[in-house]
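Q: Below is the sequence, then the predicted model.
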Amino acid sequence: MPGTVPGCGSPEAAGHSVGLIDRARRSAHPRLSVMPKITASSVAEHRAQVHRRVFDAFAALILDRGHAAITMADLAERAEIGRTAIYHYFRDMDAVVVAYASEETQRYVERLAASPAGVDDPAERMRIYVRQHLAMRDEFHFGFGPELFGMLSGEALVRIRDHVADAEAVLRAILRAGVASGAFDIVDEHSAVSLVHGCLQRRDTTPAALEEFVLRGLGA
């Protein structure tokens, strides 16, 4: 029997051990399919690639069957990694959802905030925000509704809400600048954020109609 791999408690060493086992199984059973290998120049890059596979698998499975029907085994199969290896990166589905939300939110906020940067007129900033939001909504797969919230632990829910707040902060900054300049007439900022984002989820109206409706609703 091979000796113990140094650092066997790490995800990378565990993945190495799983790889040895897989090769042994394929030798005994030639029909077993060979999973595509992940090639990386560093441990960090390897981990990032595994995370990306799992996140892409999660997004695809949400569209296929919804949150409640997804298991860790489903994710491992879709991501083409070992069913035991996935637990070296995510302890459970809560961890997958929170990590996925964190990455999606960071990318979303960075892109959403970049577009109106440098534009002083609040109404124009809001127009840009609306256009950018509509342009990105098919690319970013949040889908965090009551069905998903019901699956998560209290700790995970708190972390998810933090990500939602990060995404809302971009809109809040635009609204506050508009109110301060007199361009917007808003009684309740919280309600305004909810109403604007609610409008932007509509898919049965044109972007131009949504843009005009949001601006009129803000008193611009």
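A: Yep, it's here. None of the values given here were measured: they were computed from a predicted structure. Numbers count the residues shown, from 1 in each chain.
Q: Residues contacting the host helix or strand of Leu210, please?
A: Assigned by DSSP states H and E, Leu210 falls within helix 207-217. Helix 207-217 has contacts (C-beta atoms under 8 Å, 6 or more residues apart in numbering) with Ala123, Met126, Arg127, Val130, Arg131, Leu134, Leu195, Val196, Cys199, Leu200, Arg202, Thr205. Bear in mind the C-beta positions are built from the backbone N, C-alpha and C, glycine included.
Q: in the one helix or strand the second one maps to, what's buried?
A: Counting by DSSP H and E, the element that carries Met126 is helix 122-136. In terms of neighbour count (16 or more other C-beta atoms under 10 Å), helix 122-136 has its buried residues at Pro122, Ala123, Arg125, Met126, Arg127, Ile128, Tyr129, Val130, Arg131, Gln132, His133, Leu134.
Q: which other helices and strands contact the lengthiest helix in the chain?
A: For the chain, the longest helix by residue count, based on DSSP state H, is helix 154-181. For helix 154-181, the elements it packs on are helix 93-114, helix 122-136, helix 189-200, judged by 3 or more C-beta pairs under 8 Å, 6 or more residues apart in numbering; DSSP states H and E.
Q: Save the ones you listed as CSV, and put in mean pLDDT and distance to Leu218 too.
A: Formatted as CSV, the helices and strands packed on helix 154-181 follow (pLDDT from 0 to 100; distance: least, C-beta to C-beta, whole Å):
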stretch, mean pLDDT, distance to Leu218
helix 93-114, 79, 17
helix 122-136, 85, 7
helix 189-200, 89, 7
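Q: Report the residue ranges of every domain in the chain.
A: The chain breaks down into these structural domains: 1-90, 91-220 (assignment by automatic domain parsing).
Q: Ends of the last one, what's the gap?
A: In this case it means domain 91-220. End-to-end span of domain 91-220 (C-alpha to C-alpha, to the nearest Å): 48 Å.
Q: and it, how far from the chain's centre?
A: When C-alpha coordinates are averaged (C-alpha atoms, centre = their mean, to the nearest Å), domain 91-220 and its chain have centres 14 Å apart.
Q: Point me to the residue sitting closest to the centre of this protein.
A: Glu104 (3.0 Å; C-alpha atoms, centre = their mean).
Q: now that residue: how far from Ile174?
A: Per C-beta to C-beta, to the nearest Å, Glu104 is found 21 Å from Ile174.
Q: just to revisit the earlier point, closest one to Ala167 out of the buried residues of helix 122-136, please.
A: Using C-beta to C-beta, His133 comes nearest to Ala167 of those, at 9.8 Å.
Q: which intervals of the protein have sub-threshold pLDDT?
A: For the chain, the stretches with pLDDT under 70 are 1-40, 66-67, 116, 137-154, 156, 160, 162-163.
Q: Go again with 80.
A: Scanning the chain for pLDDT under 80 picks out 1-41, 62-69, 101-118, 135-167, 201-203.
Q: Understood, closing this out.
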